[in-house]
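what follows is a predicted protein model with its sequence.
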Amino acid sequence: FNVSRIQTTPFDGQKPGTSGLRKKVKVFVQPHYLENFVQASFNALTEAKVRGATLVVSGDGRYYSEQAIQIITKMAAANGVRRIWVGLNGLLSTPAVSAVIRERVGVDGSKATGAFILTASHNPGGPNEDFGIKYNMENGGPAPEGITNKIYEYTTTIKEYLIAPDLPNVDISTVGVSNFTGPEGPFDVEVFDSASDYIKLMKSIFDFESIRKLLSSPKFTFCYDALHGVAGAYAKRIFVDELGAQESSLLNCVPKEDFGGGHPDPNLTYAKELVARMGLGKSEPQGEPPEFGAAADGDADRNMILGKRFFVTPSDSVAIIAANAVQAIPYFSAGLKGVARSMPTSAALDVVAKHLNLKFFEVPTGWKFFGNLMDAGLCSVCGEESFGTGSDHIREKDGIWAVLAWLSILAYKNKDNQDKLVTVEDIVRQHWATYGRHYYTRYDYENVDAVAAKELMAHLVKLQSSLSEVNKIVKGASSDVSNVVHGDEFEYKDSVDGSVSSHQGIRYLFEDGSRLIFRLSGTGSEGATIRLYIEQYEKDPSKIGRLSHEALAPLVAAALKLSKMEEFTGRSAPTVIT
Ligand code: VG1
Ligand code: CO
């Protein structure tokens with residue numbers, strides 16, 4: 001093949017957000033748009049990391065993925081990359097990409113050093129919806145801010161990109177290696193099975209035999225919803241073939257490029273079918289709900305865990321996994337190196353860390369901040385309130401891992417084969433009884449006017465200069481909340497590399513440990529999304545059984561009043577409550 005230099009001019013707004021560049025498909029399909037971003041990524045990585053490299057290119061299979069794989073392959077060839085690895089049909093979950101970078105050995109003995117992941121995660125897909133791309137590094141984790149800032153800088157000055165226009169399109173629907181020769185020598189494309197490396201890793205972490213036993217018990221029933229995302233490429237292989245679940249327990253497990261028209265976000269609003277089946281919907285389910293249900297997002301790094309008629313908040317989920325990991329999961333049997341959560345995630349994990357005397361870290365939103373801690377051997381289990389949970393087995397959050405972790409805990413708690421099943425709800429209530437309960441909720445105001453959202457945030461920062469004013473407003477909203485004792489914008493200093501990330505969310509901290517946090521989303525593709533996180537700690541065992549929305553009502557009222565939410569956004573209610 002030959003290499004062409006194509007003249008181009010910069011596009012505005014190619015700044016990677018919380019997790020890569022996400023835009024409407026209509027934006028991505030403009031001539032040169034994807035090419036500019038990919039070339040800027042190669043430039044930012046520098047020739048040392050590009051020439052001769054082996055790169056993974058795959059994703060959640062959303063609309064435009066196949067075209068993007070062909071373009072990136074041709075550009076990689078032209079930029080001196082030695083090898084491209086593609087999951088069969090272009091499918092690899094985000095956690096599987098991370099695993100493939102870290103663990104896989106190619107047919108010729110090669111190892112990968114990075115990846116382009118093609119996903120907009122939990123955002124909808126299809127010609128009128130979102131596409132996305134992000135780069136992951138040799139440790140398997142998302143590029144740190146130092147690199148993403150450089151990529152962005154290059155997108156603002158780019159004049160040309162390199163591409164091999166006559167390289168034939170690769171057939172990504174068949175496993176095998178295609179060899180090509182360019183001006184600098186050989187270039188290969190290897191298409192491989194999307195699931196086998198990931199399954200091998202899962203088998204090295206969990207006791208599949210004990211999970212198999214649990215799934216075969218007549219007392220236990222199971223259900224998994226992939227929301228037509230890439231988790232479907234793993235679900236049957238893992239839950240049915242390896243663990244013996246019934247095929248009827250899989251919902252929406254055929255990956256679709258538009259996720260069946262749905263919003264592939266595993267929460268109580270968007271995972272409707274699963275929620276109904278679990279007895280948490282508006283109408284009574286047909287038949288008895290399963291004992292355990294879980295869902296994934298488009299790229300399968302998120303998870304929602306449900307019991308029968310019972311919702312596990314993600315903040316509780318990571319705390320419960322951390323509290324039980326050493327006993328229930330062989331990978332952790334030697335102990336946890338430490339635990340970490342994102343700032344807006346509830347402090348349930350903090351309490352476990354304190355009880356178990358574990359190192360503890362609080363990082364900004366976005367998985368990239370956990371990677372350094374894990375690489376330094378400081379963190380084993382971590383999570384975010386946004387349905388993301390994971391461990392140092394890879395450098396991404398991992399939806400199926402979280403399900404297997406919960407199944408392991410259930411298997412462990414039921415190992416004596418007692419008459420009555422120890423349920424998901426039993427495990428959570430037991431946890432609250434031991435550690436106290438963090439009532440928690442998140443309000444999302446999606447697609448609000450970007451200027452209004454900025455004004456609301458500026459207003460909240462300005463208010464922080466007078467806590468007496470803040471307390472007047474808060475008490476005016478409800479006499480049932482304690483005093484605000486501190487207000488700031490969260491800033492994080494990475495204890496490993498010393499890098500500082502500021503403006504990571506506006507915090508109002510209360511005397512009794514309650515918190516109100518306001519952030520602007522960094523993953524949307526249109527307008528702005530305001531996230532409001534609300535948390536209250538209850539240690540008194542007689543008060544841990546309340547309904548979450550009732551317990552939190554006074555704090556919610558305070559938050560809406562403080563932020564003048566309706567005044568700024570015109571919204572009287574959030575789009576999504578989790
Ligand atoms: C959201 C979540 C964050 C998560 C990120 C990527 O970011 O809040 O916790 O890490 O999505 O998740 P933001 O900036 O919109 O709040 V995923 O599943 O999109 O890779
Ligand atoms: Co995701």
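In hand now; what should we look at? Ligands and ions are numbered 1, 2, ... in the order given.

any weak-confidence spans in the stretch 451-578 of the chain?
Counting by pLDDT under 70, the stretch 451-578 of the chain contains no low-confidence segment.

what's the helix or strand for the closest residue to Gly513 other than its chain neighbours?
Nearest residue to Gly513, sequence neighbours excluded (C-beta to C-beta, 6 or more residues apart in numbering): Tyr537, at 4.3 Å. Bear in mind the C-beta positions are built from the backbone N, C-alpha and C, glycine included. If you go by DSSP states H and E, Tyr537 is part of strand 528-538.

now that strand, how far from the chain's geometric center?
18 Å (C-alpha atoms, centre = their mean, to the nearest Å).

pull out the buried residues from that strand.
By 16 or more other C-beta atoms under 10 Å, the buried positions in strand 528-538 come out as 528-538.

so what strands line up beside that strand?
strand 437-448 (antiparallel), strand 515-520 (antiparallel) (DSSP bridges).

does any bit of the first one sit next to ligand 1?
No: Strand 437-448 stays out of contact with ligand 1 when judged by C-beta under 6 Å from any ligand atom, the minimum separation being 8.7 Å.

now that strand: average pLDDT?
Averaging pLDDT along strand 437-448 gives 94.

send me the helix or strand just after it as PDB with only the CA atoms.
Next along the chain after strand 437-448, taking DSSP H and E as the criterion, comes helix 450-463. C-alpha atoms of helix 450-463 as PDB (Å, rounded to 0.1, in the frame of the first residue of the first chain):
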ATOM      1  CA  ALA A 450     -25.200  25.300  28.500                       C
ATOM      2  CA  VAL A 451     -25.200  29.000  29.500                       C
ATOM      3  CA  ALA A 452     -27.800  28.500  32.200                       C
ATOM      4  CA  ALA A 453     -25.900  25.500  33.500                       C
ATOM      5  CA  LYS A 454     -22.700  27.600  33.800                       C
ATOM      6  CA  GLU A 455     -24.500  30.400  35.500                       C
ATOM      7  CA  LEU A 456     -26.000  28.000  38.100                       C
ATOM      8  CA  MET A 457     -22.600  26.600  38.800                       C
ATOM      9  CA  ALA A 458     -21.100  30.100  39.200                       C
ATOM     10  CA  HIS A 459     -23.900  31.000  41.500                       C
ATOM     11  CA  LEU A 460     -23.100  28.000  43.700                       C
ATOM     12  CA  VAL A 461     -19.400  28.800  43.900                       C
ATOM     13  CA  LYS A 462     -20.200  32.400  44.800                       C
ATOM     14  CA  LEU A 463     -22.500  31.400  47.500                       C
END
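
please see if helix 450-463 touches ligand 1.
No: Helix 450-463 lies out of reach of ligand 1 by C-beta under 6 Å from any ligand atom, never closer than 12.6 Å.

what packs against that helix?
helix 467-477, strand 506-510, strand 515-520, strand 528-538, helix 553-563, helix 565-569 (3 or more C-beta pairs under 8 Å, 6 or more residues apart in numbering; DSSP states H and E).

among the ones you listed, which is nearest Glu145?
Proximity to Glu145, assessed across those by C-beta to C-beta, is greatest for strand 515-520 (16.3 Å).

picking up where we left off before, could the helices and strands packed on helix 450-463 be laid out in CSV, adding distance to ligand 1?
Shown next, in CSV, are those (distance: least, C-beta to the nearest ligand atom, whole Å):
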stretch, distance to ligand 1
helix 467-477, 24
strand 506-510, 13
strand 515-520, 6
strand 528-538, 6
helix 553-563, 17
helix 565-569, 17
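
nearest to ligand 2, of these?
Of all the helices and strands packed on helix 450-463, strand 528-538 sits nearest to ligand 2, with 15.3 Å by C-beta to the ion.

now do the closest one against strand 506-510, angle only.
Put simply, strand 528-538 runs at 20 degrees to strand 506-510, going by axes from the mean of the first three to the mean of the last three C-alpha atoms, to 10 degrees.

grab the nearest non-local neighbour of Tyr234.
Closest to Tyr234 by C-beta to C-beta, 6+ apart is Ala195, at 5.2 Å.

now swap in Val170 and tell me
Val189 (4.6 Å).

what about that neighbour, which SS state?
Applying DSSP: H, G, I helix; E, B strand; the rest coil to Val189 yields a three-state assignment of strand.

pretty sure it is touching Gly176, no?
No: between Val189 and Gly176 there is no contact under C-beta atoms under 8 Å: 9.1 Å.

and the strands in the stretch 351-500 of the chain?
360-363, 381-384, 388-391, 437-448, 484-489, 492-493, 500-501 (DSSP state E, counting those that start in this stretch).
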